[in-house]
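> following is a predicted model, sequence given first.
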Amino acid sequence: MSLLKIQDLKVYFNARGKTVKANNGIDLEIRENEILGLIGETGCGKSILGRAIVGLLSDNVEIRGKIVYKNEDILDLSEDRLRKIRGKDIGIILQNPSAALNPVLSVGNQISEIYRYHENMGKKEARIRTAKMLEMVGIDPKRMHEYPHQFSGGMKQRVMIAMGLALNPGLLIADEPTKGLDPTTKDKIVDLICELVINRNMSLLLITHDLGVAEKMCDRVAVMYAGEIIEIATIENILSNPQHPYTQDLLNSRPKKGLKPTAGESPSLSSPPAGCKFHPRCRCVIGECPKTHPQMIETENGTSVRCFLYEDN
Amino acid sequence: MTLLSVENLKKYYYSGVFNKKEIRAVDGVDIEIKSGRTLGLVGGSGCGKTTVARTILRLVEPTDGSIVFDGRDITKLRGREMKNLGREMQIIFQNPETSLNPRMKIYDAILEPLTIHKLCSADEENEKIHRLIEIVNLNKELLFRYPHELSGGQLQRVVIARILSLNPKFIVADEATSMLDPLVQAQILNLMKDLQEKLGISYLFISHDMDVVEWMSDEIAVMDKGKIVDWK
């Protein structure tokens, strides 16, 4: 059953007279108890999508479309109602924990704040719950009086996870939870998130550009390019039988496959190329590609792909 | 031919005011790099990889040990000799956004090392800079932009162009691609390998991604707690 449904989401920014189309017609469904991966290059709009779901975008943005969570359209809600939903129904682990944590508040304070606001708990009770959360993510609760700068990168990430999970939300959004961590710490964080999400029957939207992490965690994967979703499939299908040329390139750029890069750079979101946005870099351009914008096509075994190569079958 | 040989390199830090505590960041490391070859250096966070690299470049003073580069001991160099050493060995840092001056246009950033080392006259500079950005496959429209207008991959190319302007024999890449996404990482690594073939540069390639290190390196050293524990 679907938990969150995004329909034709468009997020446009106005910057210096240009319109930056960060998300251009996203359709996505997150099912219950599912780990959905969102992969793609830097600047393709992954994080914007994650932030749009919890209503954390700045004021200069124009949003159209629908984000339906449990029969409520998040885009229609008042800021007051959104605040109640954020953290409680939809939790988010923001990118770069060193910047996301408040440097002048102790770690414990930042977590217990959540309980004090959402559940109207007293100080003492909130502190007990905070200690439990910290213990769950593998941090000694005695350290709750310490400040973020006294923690290592991996530990700050654990604190962020504790904050995201504090109120047992139904959906958790994790934005690059393993970026910049060394492999041992990365494995531990991946295992921790998986364990907690599965034990608590949550859904997870994992935003990442690390294919190894996606492989370990996800049930399904959506590949994004220049503000659009270009392929959605189960992780097995993506890895064994990628359909879109971009997905194939992405997989071939891994060291295991000999680090073959795609030529060129991702297009600017303010003036993307006409037709298929990937065509200037694509190896298999056919007649239609530079002219018409492709639609999502369903191919066999449940894969959806936005490419003309699969049009007739 | 051996380009760099490091023997018994040590770097200790001291902390505490009364009870001095000794932290052995690097504790007796021996390294040898041949010219035109790549040595990969791997290990967990905080094992001393970066300290080794910085000590070799003399960005950090070693506590003990000798560093012989291109036939001479550079551990005691000072003044002008030290400055000239910068022409022969260079470093690419992890985060390109913080390694460039945010108030300097790309053109000026690439020009800066050339001016410091007095390597080109005013009428040559334009041509030289265009040649450099051609080597690293950078669009010349980007020359008059500021660093915040470029992507991480483009910035890392600028950093490499800057370094190449000095024609170094030895480059340290300290997690040079760990902030980049896989496609861009593949582009930068392929660029580094091409440059090695064309110009015979040696690399000390530091990373915690084992697959990448294996692909890049001729030899791999594994570090743990300030010591090299394994060679491959």
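Happy to help now that I have it. In this text, all values refer to a predicted model and were calculated from it rather than measured experimentally.

> how about the spatially most central residue of chain B, secondary structure?
The centre of chain B sits closest to B:I91, judged by CA atoms, centre = their mean, with a distance of 2.0 Å. Classification of B:I91 using DSSP: H, G, I helix; E, B strand; the rest coil returns strand.

> could you find the closest non-adjacent residue to it?
In space, and not counting its chain neighbours, B:I91 is closest to B:V172: 4.4 Å by CB to CB, 6 or more residues apart in numbering or on different chains. All C-beta spots, glycine's among them, are computed from the backbone N, C-alpha and C.

> surely the one you found meets B:S207?
No. The pair B:V172 and B:S207 fails to qualify as a contact (CB atoms under 8 Å) at a distance of 11.6 Å.

> pLDDT weak spots in chain A?
Chain A contains residues with pLDDT under 70 at A:312-313.

> longest helix in it, by number of residues?
helix A:183-199 (DSSP state H).

> please identify the buried residues of that one?
A:T185, A:K186, A:K188, A:I189, A:V190, A:L192, A:I193, A:C194, A:L196, A:V197 (16 or more other CB atoms under 10 Å in any protein chain shown).

> what of stretch B:57-68?
For stretch B:57-68, the neighbour count (16+ other CB under 10 Å) marks B:L57, B:R58, B:V60, B:P62, B:T63, B:G65, B:I67, B:V68 as buried.

> quick one: residues contacting A:K5.
Residues near A:K5 by CB atoms under 8 Å, 6 or more residues apart in numbering or on different chains: A:L28, A:E29, A:I30, A:K66, A:I67, A:V68.

> try B:S178
Applying CB under 8 Å, 6+ apart, the residues near B:S178 are A:G180, B:Q94, B:S207, B:H208, B:D209.

> one more pass at 10 Å, please.
A:K179, A:G180, A:L181, A:D182, B:Q94, B:N95, B:Q185, B:I206, B:S207, B:H208, B:D209, B:V212 (CB atoms under 10 Å, 6 or more residues apart in numbering or on different chains).

> please name the nearest non-neighbouring residue to B:N167.
That would be B:R87: by CB to CB, 6+ apart, it lies 7.2 Å from B:N167.

> tally of neighbours for the closest residue to B:F170 other than its chain neighbours?
The shortest distance from B:F170 to any residue other than its chain neighbours is 4.4 Å, reached at B:M89 (CB to CB, 6+ apart). Look at B:M89: counted by other CB atoms under 10 Å in any protein chain shown, it has 23 neighbours.

> what residues of the biggest helix by length in chain B count as buried?
Once chain B is assigned using DSSP H, the helix that runs over the most residues is helix B:182-199. Under the neighbour-count criterion of 16+ other CB under 10 Å, helix B:182-199 has B:P182, B:L183, B:V184, B:Q185, B:A186, B:Q187, B:I188, B:L189, B:L191, B:M192, B:L195, B:Q196 buried.

> in three-state terms, label B:N8 for me.
On the three-state scheme (three-state DSSP), B:N8 is labelled strand.

> actually A:M224, not the one I typed
Applying three-state DSSP: A:M224 is strand.

> host element of A:N109?
Using DSSP states H and E, A:N109 sits in helix A:107-119.

> same for that helix, what does it pack against?
Helix A:107-119 is packed against helix A:79-85, helix A:123-136, helix A:153-165, with contacts defined by 3 or more CB pairs under 10 Å, 6 or more residues apart in numbering or on different chains; DSSP states H and E.

> tilt between it and helix A:153-165?
10 degrees (axes from the mean of the first three to the mean of the last three CA atoms, to 10 degrees).

> would you mark the buried spots in helix A:107-119?
Residues A:V107, A:G108, A:N109, A:Q110, A:I111, A:S112, A:E113, A:I114, A:Y115, A:R116 are the ones in helix A:107-119 that count as buried (16+ other CB under 10 Å).

> just the strands in the chain please.
Just going to use chain A. A:2-15, A:18-31, A:35-39, A:61-69, A:72-73, A:90-93, A:171-175, A:203-208, A:220-225, A:228-234, A:297-298, A:304-305 (DSSP state E).

> could you do chain B instead?
Secondary structure of chain B, counting by DSSP E: strands at B:2-15, B:21-34, B:38-42, B:64-69, B:72-73, B:89-92, B:170-174, B:202-206, B:219-224, B:227-231.
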